[in-house]
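In: Have a look at this prediction, sequence included:
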Amino acid sequence: MESPESTEEVPATDAAPATGLRSLTEDEFSVLSSVGGVRGVVESMAPGLVFVVVFVVTRELSPALVASMSIAVLAVIARLLQRTPLTQAFGGLLGVAIGVFWAWKSGEASDYFVVGLWTNVVYLVVLLVTTVLRWPVVGLVIEGLRAGFGSPTTQEPATSEPEAETAPAPVWSTAWRRDLPLMRRYMLATWLWVGLFAVRLVVQVPLYVMHQVGWLGTARLVMGIPLWGLVLWGTWVLVRRPASPAAPAQTLPAPRR
């Protein structure tokens, strides 16, 4: 931590690494950073892990639900106290709350995971439809992010100059669909995501039907954040922009004799 007397400025390049889909537009890719870092992984996986462990040990639904919900709430409280972004922790809390509600309402521990299964079904259907229509979701998302949609905005200092420049509004173009090599990469990357959601359902739906809570929870953990990060990396490899060609070396004029 810097002392109050320090006047050294933090370089503008020391921004926090991009996470989630935004990491796909970066020049460099880190699987750990793309899934929210160590803290993001813990916040995402801990509630489900605690639920499975407590249920397998006690064979009681209520303690497992209370323990899972408590972990999610503690993650949000910790971020509130530290004044850090709440998006990932709050999203996890919402997902856990829905799972807890359905499991409590039905009395079946396996219903803790049913919302996640339906979410995978929706994603799979949307991805398949847009791919068949040749409007691959990966292309739509990447081109939207590169156009500036969803970019974090910074509060500009007030100025008395009437001619102060303002950031241009994002402009999204469909020109990328006429670039056949790029279109093929976007299609292939979208099929990669189709495979992710399809594999999840093929493995997890039978476990849900058989009420194999321990194995279902384990599959959810393994095929959750770890597989998500792997598919993000594969997508980045497919859609990243090639490096700009090096500028030709300048030659000095030959000395006169």
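Out: Everything's here; your move.
In: quick one, helices of the protein?
Out: 31-34, 37-58, 61-82, 87-106, 114-132, 137-147, 180-209, 213-222, 225-239 (DSSP state H).
In: As JSON lines, those with distance to Arg22 would be great.
Out: (Glycine included, C-beta is placed from N, CA and C.) Output for these, formatted as JSON lines (distance: least, Cβ to Cβ, whole Å):
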{"stretch": "helix 31-34", "distance to Arg22": "9"}
{"stretch": "helix 37-58", "distance to Arg22": "13"}
{"stretch": "helix 61-82", "distance to Arg22": "19"}
{"stretch": "helix 87-106", "distance to Arg22": "12"}
{"stretch": "helix 114-132", "distance to Arg22": "18"}
{"stretch": "helix 137-147", "distance to Arg22": "6"}
{"stretch": "helix 180-209", "distance to Arg22": "15"}
{"stretch": "helix 213-222", "distance to Arg22": "24"}
{"stretch": "helix 225-239", "distance to Arg22": "10"}
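In: To Gly20, which of these lies closest?
Out: helix 31-34 (6.7 Å; Cβ to Cβ).
In: so Glu43 makes contact with Phe90?
Out: No. The pair Glu43 / Phe90 is not scored as a contact, 9.8 Å apart, by Cβ atoms under 8 Å.
In: neighbour-wise, which of the two wins?
Out: Glu43 (25 against 16; other Cβ atoms under 10 Å).
In: Quick check: Arg241 vs Asp179, distance?
Out: Distance, Arg241 to Asp179, by Cβ to Cβ, to the nearest Å: 12 Å.
In: Contacts only, for the nearest residue to Val52 once chain neighbours are set aside.
Out: Once flanking residues are discounted, Val52 sits nearest to Gly217: 3.3 Å by Cβ to Cβ, 6 or more residues apart in numbering. Counting by Cβ atoms under 8 Å, 6 or more residues apart in numbering, Gly217 makes contact with Gly48, Leu49, Phe51, Val52, Phe55, Phe113.
In: who wins for neighbours among these?
Out: Neighbour-wise, those (other Cβ under 10 Å) top out at Phe51, 29 neighbours.
In: Kindly tell me how buried the residue lying closest to it once chain neighbours are set aside is, as a neighbour count.
Out: Computed as Cβ to Cβ, 6+ apart, the closest residue to Phe51 that is not its neighbour in sequence is Ser68, at 3.9 Å. Close neighbours of Ser68, defined as other Cβ under 10 Å, add up to 26.
In: Would you check that Ser68 makes contact with Val50?
Out: Yes. Using Cβ under 8 Å, Ser68 is in contact with Val50, at 5.3 Å.
In: Next, Leu133: phi, psi?
Out: Main-chain dihedrals, Leu133, degrees, to the nearest 10: phi -80, psi 0.
In: so where's this structure shaky on pLDDT?
Out: For the chain, the stretches with pLDDT under 70 are 1-17, 150-172, 242-257.
In: In this structure Glu143 contacts Trp176, no?
Out: Yes. Contact between Glu143 and Trp176 holds when scored by Cβ under 8 Å: they sit 5.3 Å apart.
In: still on that earlier bit, can you put the contacts of Gly217 in CSV and add distance to Arg39?
Out: What follows is the contacts of Gly217, written out as CSV (distance: Cβ to Cβ, whole Å):
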residue, distance to Arg39
Gly48, 16
Leu49, 15
Phe51, 20
Val52, 21
Phe55, 25
Phe113, 23
